[in-house]
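K.L.:
How does the following fold in three dimensions:
(2 chains)
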Amino acid sequence: MRDPGARPNHPPHTMISPYQPDSVEQAAREHWDSSRCFEVAEDDGKDKFYCLTMFPYPSGKLHMGHVRVFTISDVIARYQRMQGKHVLQPMGWDAFGMPAENAAIQRGVPPAQWTYQNIDYMRGQLKRMGYAYDWTREITTCRPDYYRWEQWLFTRMFRKGLVYRKNSVVNWDPVDQTVLANEQVIDGRGWRSDAPVERREIPQWFMKITAYADELLDELDRMPGWPDSVKTMQRNWIGRSEGVELSFDVPGAEAPLTVYTTRPDTLFGVTYMAVAAEHPLAQKAAETDAAIAEFVEACRKTDATEATFETMEKKGLPLGIDAVHPLTGEPVPVWVANFVLMSYGTGAVMAVPGHDARDWEFAKKHGLPIRQVIGSADGAPVDVQAEVYTERGVLVNSGDYDGLDYEAAFNAIADHFEKSGTGRRKVNFRLRDWGVSRQRYWGAPIPIIYCDDCDAVPVPEDQLPVVLPEDVEFTGVGSPLRDMPSFYETTCPECGKPARRETDTFDTFVESSWYFARYACPDAGDAMLDERARYWLPVDQYTGGIEHAILHLLYSRFFQRVMRDEGLVESSEPFTNLLTQGMVLKDGAKMSKAKGNTVDPQELIDRYGADTVRLFMMFAAPPEQALEWSDDGVQGSFRFLKRFWTAVHEHVAAGTAGPVDPQTLDAAQKDLRRKTHQTIEKISDDIGRRHSFNTAVAAAMELLNAIGRFDDTSPAGRAVVREALDAVVLMLSPMVPHICEALWNALGHTDALIDQPWPAFDASALAQDTVELVVQVNGKLRGRIGVAADADKDAIVALALADPNVQRFVADQSIRKTIVVPGRLVNIVV
RNA sequence: GCCCGGGUGGCGGAAUUGGUAGACGCUGCGGACUUAAAAUCCGCUGUCCGCAAGGACGUGCGGGUUCGAGUCCCGCCCUGGGCACCA
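P.N.:
Take a look at the predicted model:
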């Protein structure tokens, strides 16, 4: 027995210099900087690995979400480098956006100046964190040498018909006379004016992402490197549906009411129609009916978000007009309703209250008839007066179509309309074209010139970029570009007459839809991309917040295809593997500038060093889950690094240790060596396959704890410890690279840690003579037995039954069944 | 409202393919060292019963499948993200 409290083999701490993160981390940084080891060029002889993080908006300083995602990506990059890959990991700035405008309003600093200052500060913070970036590739999207190429691509798309202009709805603040972002609308009111927000239609530019809808959808089935949840979200977002477009005649109206339905089988159940407030029928009725006019006006006074639209109270009024049912010839009343939008589809819907939940509620509220036209396939009773029935079933009350199932009815009815020429089968997408116009200053100018004679003309290539003037006075009401004749006054590229530039700027998602490609060739001066993009793309590992699961990732997939069709890149998909990291939450909510609930990582870096912060972020939660921030635990990570430091230095202080000779080890030495190689196997899998960094850290801690308990100063014992310490330093180096750099040197290695291969485990070290099995009786744990690793089932069961406690529960009952799970358990069922 | 996640001790989390629930860490409690404090080290730490051996209960709630369920199925509750102008 050892004396508890006594620690063998450890000289007094005074002999060992304490862990001082500042000097350790500075030394490591200087080594990486001077050796320029993270700068990479194309090398066809090597297996490339492009490791990318969603680039940050330069909001001022790093926040915990940044630290988390950048550390995840850095761990993967460094791990892959140790796997022998030729790793590119770049960094840059998503530099356009609203916060710069808000800062300008609040502090009177021009957006450009504010942005560049933030970038300088945050770049310093990133360097302090020790991320393995190739800084020679840094991209800043608000620089003309970057955004000129998206302007160029836009003009190419213009000529291909992939961009167009149409009217579209925005949030209008009637007091500030300005367009508001959804974020700036709070409970239906403008954030600064507090005035009720209205919907307003203005002409805006759109990119035809719907032209790629089928491809974007289909390819999801061949993307095993993406999480299923993200693929499902994108599938639902694209929302492909097969239906029928058909028309209801409206006597006296100029045009029939055209509607799209995915449930033509329910056509006989239509009891009313609903049109949008902006629909011509409603507009016409409003001219003569004050109540309708008032309703139509009220519909305009709501913001333009889908969430508002879906949750608001469903309202409507009858227009006093009837449509004619195309199959029965019966009159169907037409209503105007606030839940139909003119901008989606045809601005009119057919209502089947018996078999559609929203229609059912609306019908109940307004006393409209509910008609059952679908019965259950198994004959179970259906009462649509009491409850809506939305299942696909068998047609009833549907004339000649009675008895048909969904598919047969769909086809019969679709055929009927196609034969008579009054309707057709149609594939519809929920996905809408991408509106890229923003009525803001701090963005890339849309390269269009408006000429009275030639209409909208794209800026010719030799006149690009259209440079955003950076030295402006920014007031926050409207865009300063609208008040700058020096910006907008120009001449038409086609006819040479005086003309006017577009003053709207691009959605900032445009910049982030192709930056990943530009990192391959950030200095390409005469092309958007060059051949280097073909070498590096696609991105092998992309890491970023789950909040980007749809918009950013879908727009990037779209742009990748546009660039492909332009001959700029080869691959169709930009990101082979995707890791969506969870948010860092504080008080249960997303940390954000807007909410002001941020925790500043800088304070922790100053106090404990970058490695402690990195380690804590990796250890506190698995990467894909949300992480509720807590100040507890950072201290624990620091304590671990101190123990790690001390363990290595104590071992070194006791003199050199030779190589392990596996043939001569005693049982305890074999145990530690087995633990070492089990840990290598586990951490390799945790980092390489599972991205389970928290369990990788835990496994390293366990091994270090085992080393601490190991009391053996013999040459063989010290050799086994030495092997274990080398392995821990190598395996923790992706997560805590600075301290590992120092410890690697302390262990006497002369070649750089950064160039070391990942350790391999020795399968022969894992072998065990006896294994412990759990014994259950009826699935309940009743004992444990040690058995030979190669014991057969009968021997195991016999041994299990010999256990006194197992005996107690089996007693004289007859054994009905025994189950042996090799290496795990025995279950005796009585 | 719709789509996608999550819910396990006092806390963060582990349990990878249906097979020992609570690894690892934090907190707390007790102890060693110290004039003292900090730091460090050792031990204990899901709840309840029991001197102990051991037992009962226990993974948001209610059902189900199975020799065996945190894990699979059905129905709920709570909570995070997205919903096209926050990025």
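K.L.:
how about the residues of the stretch 701-830 of chain A near RNA strand B?
P.N.:
The interface of the stretch 701-830 of chain A toward RNA strand B, taken as C-beta under 7 Å from any atom of the strand, is made up of A:701-702, A:705, A:708, A:772, A:774, A:776, A:778-782, A:784, A:805, A:809, A:817, A:819, A:821, A:824-825, A:827, A:829. For glycine as for every other residue, the C-beta is placed from the backbone atoms N, C-alpha and C.
K.L.:
Try it again at 6 Å.
P.N.:
For the stretch 701-830 of chain A, the residues in contact with RNA strand B under the definition C-beta under 6 Å from any atom of the strand are A:701-702, A:705, A:708, A:774, A:778-782, A:805, A:817, A:819, A:821, A:824-825, A:827, A:829.
K.L.:
mind listing the strands in the stretch 501-650 of chain A by residue range?
P.N.:
When secondary structure is read from DSSP state E, counting those that start in this stretch, the stretch 501-650 of chain A shows strands at A:505-506, A:539-545, A:575-581, A:584-586, A:589-590, A:627-628.
K.L.:
try the stretch 51-200 of chain A
P.N.:
Under the criterion DSSP E, counting those that start in this stretch, the stretch 51-200 of chain A contains strands at A:86-88, A:92-93, A:139-140, A:163-173, A:178-180, A:185-186, A:189-190, A:198-207.
K.L.:
Throw these into CSV and include distance to RNA strand B, mean pLDDT and mean neighbour count, thanks.
P.N.:
What follows is those, written out as CSV (distance: least, C-beta to the nearest atom of the strand, whole Å; pLDDT from 0 to 100; neighbours: other C-beta atoms under 10 Å):
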stretch, distance to RNA strand B, mean pLDDT, mean neighbour count
strand A:86-88, 22, 98, 23
strand A:92-93, 9, 98, 24
strand A:139-140, 13, 98, 20
strand A:163-173, 4, 94, 18
strand A:178-180, 5, 92, 20
strand A:185-186, 8, 91, 16
strand A:189-190, 12, 92, 20
strand A:198-207, 6, 94, 18
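K.L.:
Switch the ones you listed over to TSV, and while doing so, append distance to residue A:214 to every line.
P.N.:
Putting these into TSV (distance: least, C-beta to C-beta, whole Å) gives the following:
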stretch	distance to residue A:214
strand A:86-88	32
strand A:92-93	32
strand A:139-140	32
strand A:163-173	19
strand A:178-180	33
strand A:185-186	34
strand A:189-190	40
strand A:198-207	16
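K.L.:
Any idea which of those strands gets closest to residue A:616?
P.N.:
In this view, the strands of the stretch 51-200 of chain A are compared for proximity to residue A:616 by C-beta to C-beta, and strand A:86-88 is the closest at 24.4 Å.
K.L.:
Packing partners of the closest one?
P.N.:
Strand A:86-88 makes packing contacts with strand A:48-53, helix A:64-82 when contacts are defined by 3 or more C-beta pairs under 8 Å, 6 or more residues apart in numbering; DSSP states H and E.
K.L.:
Reformat those as a markdown table; add mean pLDDT and mean neighbour count.
P.N.:
Rendered in a markdown table, the data for the helices and strands packed on strand A:86-88 read as follows (pLDDT from 0 to 100; neighbours: other C-beta atoms under 10 Å):
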| stretch | mean pLDDT | mean neighbour count |
| --- | --- | --- |
| strand A:48-53 | 98 | 23 |
| helix A:64-82 | 96 | 25 |
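K.L.:
Enumerate every residue touching the closest residue to RNA strand B within chain A.
P.N.:
When you check chain A against RNA strand B by C-beta to the nearest atom of the strand, the closest residue turns out to be residue A:636, at 2.4 Å. Shown here is residue A:636, whose contacts under the criterion C-beta atoms under 8 Å, 6 or more residues apart in numbering are residue A:616.
K.L.:
right, and residue A:437 touches residue A:204 too?
P.N.:
Yes: checked against C-beta atoms under 8 Å, the pair residue A:437 and residue A:204 is within contact range at 3.8 Å.
K.L.:
hey, what's in contact with both of these two?
P.N.:
With contacts taken as C-beta under 8 Å, 6+ apart, residue A:437 and residue A:204 have residue A:504 as neighbours in common.
K.L.:
Which of the residues of the stretch 701-830 of chain A next to RNA strand B fall in helices?
P.N.:
Using DSSP state H, the members of these that fall in helices are A:701, A:702, A:705, A:708, A:805.
K.L.:
Please convert the helices and strands packed on strand A:86-88 to JSON lines, extending it with distance to residue A:21.
P.N.:
Compiled in JSON lines, these are given as follows (distance: least, C-beta to C-beta, whole Å):
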{"stretch": "strand A:48-53", "distance to residue A:21": "24"}
{"stretch": "helix A:64-82", "distance to residue A:21": "16"}
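K.L.:
For residue A:586, give me the pLDDT.
P.N.:
We have a pLDDT of 68 for residue A:586.
K.L.:
coming back round to it: only the buried subset of the ones in helices among the residues of the stretch 701-830 of chain A next to RNA strand B, as a PyMOL command please.
P.N.:
Selecting in PyMOL just the buried members of those, where the criterion is 16 or more other C-beta atoms under 10 Å, is done with this command:
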select buried, chain A and resi 701+708
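K.L.:
got a list of contacts for whichever strand or helix holds residue A:286?
P.N.:
Assigned by DSSP states H and E, residue A:286 belongs to helix A:280-288. Helix A:280-288 has contacts (C-beta under 8 Å, 6+ apart) with A:250, A:253-255, A:257, A:275-276, A:292-293, A:295-296, A:319-321, A:334, A:336.
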